[in-house]
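>>> would you be able to build a 3D model of this:
(2 chains)
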Amino acid sequence: MNIDQKKSSQEVVENLQTQAGCASCPVHHAANLKKLGVDMESWDFVVALAGNPNTGKSTVFNALTGLRQHTGNWPGKTVTRAEGGFEYAENRYKLVDLPGTYSLLATSLDEEIARDFILFGQPDVTIVVVDASRLERNLNLVLQVLEITNRVVICLNLMDEAERHNMNVDHRRLARDLGVPVVPTVARYNEGLEELLAAVHEVASGQTRAKPYHVNYSHPKLERAVTQLVEQIKAVFPHVPNARWVALRLLDGDERIIRAVEEGELGELTYTRDDLEGVGVSHLSQKSGFAQ
Amino acid sequence: MNENYENILQSARDLRWDIGGDFHEKIMEALYTDATRIAERAVTYPDEKPRFDLDRTIDRLVTSRVWGFPLMILMLTLVFWLTISGANVPSGMLYSLLIDTLHPVLKTAAASIGLPWWLDGVLIDGAYLATAWVVSVMLPPMAIFFPLFTLLEDFGYLPRVAFNLDHIFRKAGAHGKQALSMTMGFGCNAAGVISTRIIDSPRERLIAIITNNFSLCNGRWPTQILIATIFIGALVPPALGGVISALSVVGIALLGVLLTFLISWALSRTILKGEVSTFNLELPPYRPPRILQTLYTSVIDRTLIVLWRAVVFALPAGVAIWLSANILVGGVSIAEHLINFLDPFGLLLGLNGVILVAYIVAIPANEIVIPTILMLTVLVSGVTGPGQGAGVMFELESGLETLNILMAGGWTLLTGVNLMLFSLIHNPCSTTIYTIYKETGSVKWTTIASLLPVVLGILVTFFTAQVWRLLAGF
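Below is the predicted model:
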């Protein structure tokens, strides 16, 4: 039963009235954003921050968590995985800043860390920070991420740089083409972060379901092979969310994925995270869809 | 392994053969084509005229074959000068607070509660004094150097430095990113060692770690400046004195850079042989640095490192210094025994026993070398007046007074020059040794990194002394 029923009806009405007024005001949400630093015992959602090196990931990280992660105009600044937290709209988010990578094909340690986290860490949302002034190169990584997970929000950062280079970047068209939310930001001046958080919240809570763009390889033999493998994979691991991507990686001889199959790790990708700690009852029921 | 899993893997293997070899290329091709297509749809350029590109223009200047290196040296000199002159006032203030004011206060407090003289000595003259010294000498320059360094980094200049120095490092068998850990080392060698994390290849990372010590860290600048001022500056008319001593320090720093290249080359030909890995360097666009934010982050970071180091490493050193000067064996202090024992060896190197003992004791922190030298010289040569007794480090206001004490201790110009050389080429301070151990996890490499510079330093000073004496007709 809903906790609210415990309160008197008077209180409930008051509550609803306040919520109606406050919820629509942007200042309300801004006040909701609490920066928690690294001290987090429990969280509702896990968010990963991916992207090319030197796109402002750490700036976004700092802005959201209030931590002073060292940023620098030098690719390769973040060398390990930084974690922090924030609170938004009464949910607690754990934010993981992944090292910058140009691709997820795991040819270097950085790429492996990033890829492993997005795949096996199963974040609720993956934010891909993209340099608006270098869109083409950044999209390489975006397309690869979209093949692993469809719970993606694109943070189109460095919009001021794009403007400086006299480029007009249409984020709506991009969103339509990619099939996921695209939020333009200038993280160093804290612009657009409110909208970014809203988008993340919507994807995390399931209000937004994306239909992400999948790269078409237009190679008939390859497509046939993939279809066949996908069938086999789905037969053994029925709940794997990205069988197509797994098939492609197996065909490419990706050792990590091969090992994941050998040891049955792929089967674990289906857990609906009922190892959540300290999550409210009402929230859990919402997530797992049980009738109350 | 589960049979089903094996079946999947087997299918994958079979299908892989079927598809053929260019599978990977096809994937990359498709990715790139789609990325281009989507990007082209989203990005438009309303203004067709080609605009003046500030970034390109700056780069043409900064990475040019003619202007690149002079500009880098100019930047280095500018950073050094700003750090040195900027740190003077805060250093002076901290010094007068912690040492001129608090030290006597503590002494009187100790006397009033009737602390035995030796406990008073160990705690206040030894531990407190050394720690206070490190803090007042180290904190201000680091608090200026690192923000400056970070501002340059934010601005985007440092990758250009890496670009300029890359081909030299490659010829030396090392990685271009070493340029960055090397420059970081000018602030603090421990920080420089940590910054080698940006180098992926373990071999090249070790080269960068071992040679980082040849970057003249902030703690050694005061030594260099003082010696340069009183020995080299004294050789020229007073008007030029300041300039000459500054240039000598820059000269020693550049010597350190040269040594970095030479030793990297030697290491990569002998114990650290291997292939040079490829270096993809993206020259980021120039961005206006966020000054206040940078100041805050780097100052807090650096402050904490220095304070931690002062407490953990300098404090015991202070205790050791005081004890060695005050514990008597056969009527003579341990320090004097050591000095007399090491004197012959020291003279061979163009130094003397006092300097060697000071360096042994100053392993924890380079900042306390000069004060220790002065204290020991006074102890040994029996000069009365300056200083506050055995085991109490001190420094003097005037260069002339310092020179007098040192001359009384038998110093010559050769001693000054060799001290500058030895200060550049000796073992890393204990914080750095500890950091190297934490970063490499290997006792073997930590030992090599600690011993290599000091052995080299002994060789260099030895040869300098012989050549000098030969030329001087000794």
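>>> where does the prediction get shaky in the stretch 351-474 of chain B?
Residues of the stretch 351-474 of chain B that meet the criterion pLDDT under 70 lie in B:382-393, B:396-400, B:474.
>>> for the stretch 101-250 of chain B, same thing?
Applying pLDDT under 70 to the stretch 101-250 of chain B picks out residues B:233-234, B:238-242, B:245.
>>> and it, which residues reach chain A?
By CB under 8 Å from any CB of the partner chain, the residues of the stretch 101-250 of chain B that approach chain A are B:Thr150, B:Glu153, B:Asp154, B:Phe155, B:Gly156, B:Leu158, B:Pro159, B:Leu180, B:Arg197, B:Ile198, B:Asp200. C-beta here means a position set from N, CA and C on the backbone, and glycine is covered the same way.
>>> all the strands of the chain, residue numbers only.
No chain was given, so I picked chain A. Ranges of strands within chain A are A:34-37, A:45-51, A:82-88, A:91-97, A:125-131, A:152-157, A:168-169, A:182-184, based on DSSP state E.
>>> my question was about chain B, not that one.
B:43-44, B:328-329, B:332-333.
>>> and those strands: which comes nearest chain A?
Nearest to chain A among these is strand B:43-44; the distance by CB to the nearest CB comes to 4.7 Å.
>>> so is that closest one next to chain A?
Yes: shown here: strand B:43-44 in contact with chain A (CB under 8 Å from any CB) through B:Val43, B:Thr44.
>>> can you give me the helices for the stretch 51-200 of chain A?
A:57-65, A:109-120, A:135-148, A:159-164, A:171-178, A:193-204 (DSSP state H, counting those that start in this stretch).
>>> and the contacts of the last one?
So the one you mean is helix A:193-204. A:26, A:29-30, A:33, A:44-45, A:47, A:60, A:63-64, A:88-89, A:91, A:93, A:124-125, A:127, A:151-153, A:155, A:181, A:183, A:185, A:187, A:207-208, A:210 (CB atoms under 8 Å, 6 or more residues apart in numbering or on different chains).
>>> these, buried ones only, as a PyMOL selection?
Applying 16 or more other CB atoms under 10 Å in any protein chain shown to the contacts of helix A:193-204, the buried members can be selected in PyMOL as follows:
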select buried, chain A and resi 29+33+44+45+47+60+63+64+88+89+91+93+124+125+127+151+152+153+155+181+183+185+187+208+210
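>>> what is the burial count for the residue in the stretch 301-450 of chain B that chain A sits nearest to?
In the stretch 301-450 of chain B, the residue that lies nearest chain A is B:Asp301 (7.5 Å; CB to the nearest CB). Here the count is done by other CB atoms under 10 Å in any protein chain shown, and B:Asp301 has 17 residues near it.
>>> ok, B:Thr57 next?
By other CB under 10 Å, neighbour count at B:Thr57 equals 10.
>>> likewise A:Pro123?
A:Pro123, neighbours per other CB under 10 Å, totals 23.
>>> and the pLDDT for the closest residue to it other than its chain neighbours?
Excluding its sequence neighbours, the residue lying closest to A:Pro123 (CB to CB, 6 or more residues apart in numbering or on different chains) is A:Ala48, at 4.0 Å. pLDDT recorded at A:Ala48 is 91.
>>> can you name the residues bridging to A:Ala48?
Beta bridges link A:Ala48 to A:Val96, A:Thr126, judged by DSSP bridges.
>>> count the neighbours of it for me.
Residues near A:Ala48, counting by other CB under 10 Å, number 25.
>>> likewise B:Asp22?
Neighbour tally, B:Asp22, other CB under 10 Å: 10.
>>> next, it: phi, psi?
The phi/psi pair for B:Asp22 (degrees, to the nearest 10) reads phi -90, psi 20.
>>> from chain A, how far out is it?
9 Å (CB to the nearest CB, to the nearest Å).
>>> adding mean neighbour count and distance to B:Arg205, write the strands of chain B out as CSV.
What follows is the strands of chain B, written out as CSV (neighbours: other CB atoms under 10 Å in any protein chain shown; distance: least, CB to CB, whole Å):
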stretch, mean neighbour count, distance to B:Arg205
strand B:43-44, 15, 39
strand B:328-329, 10, 45
strand B:332-333, 16, 44
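>>> redo those as a markdown table? Include mean pLDDT and distance to B:Ala191.
Listed next are the strands of chain B as a markdown table, based on pLDDT from 0 to 100; distance: least, CB to CB, whole Å:
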| stretch | mean pLDDT | distance to B:Ala191 |
| --- | --- | --- |
| strand B:43-44 | 85 | 40 |
| strand B:328-329 | 82 | 40 |
| strand B:332-333 | 80 | 36 |
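>>> possible to save these as a markdown table with distance to B:Asn164?
Output for these, formatted as a markdown table (distance: least, CB to CB, whole Å):
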| stretch | distance to B:Asn164 |
| --- | --- |
| strand B:43-44 | 32 |
| strand B:328-329 | 56 |
| strand B:332-333 | 52 |
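>>> closest to B:His175 out of the ones you listed?
Proximity to B:His175 (CB to CB) singles out strand B:43-44 among these, at 34.8 Å.
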